[in-house]
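Novice: A structural model of the following input is requested.
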Amino acid sequence: MATPYAFFAAAERGFEPLPFAASAWSSKMINGPAICGLMARALELQHCSAGFTPARLTVDLFRPTLHKPVSVVTELVREGKRIRVADAALMQDGVDVARATAIFLQRSVQPPGRVWTRAVGPQPPAVPVADRPTPPLWNSDGRPDGWSSRIGEHQNDGRKRTWQVPISVIEGETPSAFAGAAMIGEATSMMTNWGSEGIGFINTDLTLALARPAIGPEIGLEADSHISADGIAVGSATLFDRSGSFGTCMVTALSNADRQVDFTDSSVLRARVGIR
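Specialist: Prediction:
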């Protein structure tokens, strides 16, 4: 039987992680995209009213999330006419292993006037439009011949980009634009901390900010900055689709040099979600 192309299966109580939820750091852990996608899904389903749009998601990854069943509990913090705020906790064995806060804003009209913005935004690869998950594409400044599906070819010190159709959070469901952005946005740590020897930082959080939902299932992510000192890193990236940039993402990360992830290692490729 083929492996379900999803992170979790719905269970009687909570969610059962599937093989794609395994982390590259350890097969006994659930990866960051799976955690962020699951929490975004729960917050949006339970607290995003009509006329509102998800504008920010902050996820704190403060405990290892083991590769075993999880549950999500949410709470509405504020219900306003233009702003809604909700919290979520990801739980295992009755203990919080991660938490999240989402802000939903009411859509309205743009104010008048011109505002400075980035002149040239990230550009999608010249490939046919995809409507279902396929192997992710990767690009780096250190490989001038462009995009490819072989991740190991981009292990260099150049600026990184990826282009993907997010897989399902829950088996049998198509992920929403918000959940998809959360899953791809979590790769900000990868895009900004991936260098010539692999990735030696593990992110402790995620802050996703969206001006609008992604248009279509395809989502790209381009690194904007990497700053690090004394084993602590800060990275930011831009989210984009075929219509242009639509959001940003920032992560902080801690050195995890003893478990450096080397994407030229075939065993790592088999463990990493979406890479086969």
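Novice: Could I get the full set of helices for the stretch 51-200 of the chain?
Specialist: 177-185, 188-193 (DSSP state H, counting those that start in this stretch).
Novice: what would those look like in TSV with distance to residue 8?
Specialist: No exception for glycine: its C-beta is placed from N, CA and C like everyone else's. Converted to TSV, the helices of the stretch 51-200 of the chain look like this (distance: least, Cβ to Cβ, whole Å):
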stretch	distance to residue 8
helix 177-185	12
helix 188-193	21
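Novice: Please name whichever of the ones you listed is nearest to residue 171.
Specialist: helix 177-185 (13.7 Å; Cβ to Cβ).
Novice: List the buried residues in the closest one.
Specialist: Within helix 177-185, the residues that qualify as buried are 177-185, counting by 16 or more other Cβ atoms under 10 Å.
Novice: Longest helix in this structure, please.
Specialist: When the chain is scanned for its longest helix (criterion: DSSP state H), the result is helix 32-47.
Novice: Give me the below-cutoff pLDDT ranges for the stretch 151-276 of the chain.
Specialist: Scanning the stretch 151-276 of the chain for pLDDT under 70 picks out the ranges 266-276.
Novice: Do a quick rundown of the strands in it.
Specialist: Using DSSP state E, counting those that start in this stretch, the strands of the stretch 151-276 of the chain run over 160-164, 168-170, 194-195, 198-199, 201-203, 205-210, 219-229, 232-241, 244-255.
Novice: how far does the third one sit from the chain's center?
Specialist: Looking back up the chat, that one is strand 194-195. On the basis of Cα atoms, centre = their mean, to the nearest Å, strand 194-195 sits 17 Å off its chain's mean C-alpha point.
Novice: cool, and the fifth one?
Specialist: Distance of strand 201-203 from the chain centroid (Cα atoms, centre = their mean) equals 13 Å.
Novice: quick one: strands adjacent to that strand?
Specialist: Using DSSP bridges, the strands paired with strand 201-203 are strand 244-255 (antiparallel).
Novice: List the buried residues for the strand it pairs with?
Specialist: Across strand 244-255, burial judged by 16+ other Cβ under 10 Å covers 245-251, 253.
Novice: any chance of those residues in CSV, with distance to residue 134 too?
Specialist: Listed next are these as CSV, based on distance: Cβ to Cβ, whole Å:
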residue, distance to residue 134
245, 22
246, 21
247, 22
248, 25
249, 22
250, 28
251, 25
253, 28
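Novice: Not counting sequence-adjacent ones, nearest residue to residue 210?
Specialist: Nearest non-adjacent residue to residue 210, counting by Cβ to Cβ, 6 or more residues apart in numbering: residue 247, 4.0 Å away.
Novice: again, but for residue 32
Specialist: Leaving out its chain neighbours, the residue that sits closest to residue 32 by Cβ to Cβ, 6+ apart is residue 186, at 4.4 Å.
Novice: again with residue 166
Specialist: residue 180 (4.0 Å).
Novice: Next up, the contacts around the one you found.
Specialist: With contact set as Cβ atoms under 8 Å, 6 or more residues apart in numbering, residue 180 has these partners: 37, 166, 214, 217, 219.
Novice: Quick check: it vs residue 102, distance?
Specialist: As for residue 180, its distance to residue 102 is 15 Å (criterion: Cβ to Cβ, to the nearest Å).
Novice: what do you get for residue 127?
Specialist: Separation of residue 127 from residue 102 (Cβ to Cβ) stands at 32 Å.
Novice: which one of these two has more residues nearby?
Specialist: The neighbour comparison of residue 127 against residue 102 (other Cβ atoms under 10 Å) goes to residue 102, with 28 against 11.
Novice: Not counting sequence-adjacent ones, nearest residue to residue 75?
Specialist: Closest residue to residue 75 apart from its sequence neighbours, by Cβ to Cβ, 6+ apart: residue 87 at 5.0 Å.
Novice: Now do the contacts for that neighbour.
Specialist: 74-75, 77, 99-101.
Novice: repeat that with 6 Å
Specialist: By Cβ atoms under 6 Å, 6 or more residues apart in numbering, the contact set of residue 87 is 75, 77, 101.
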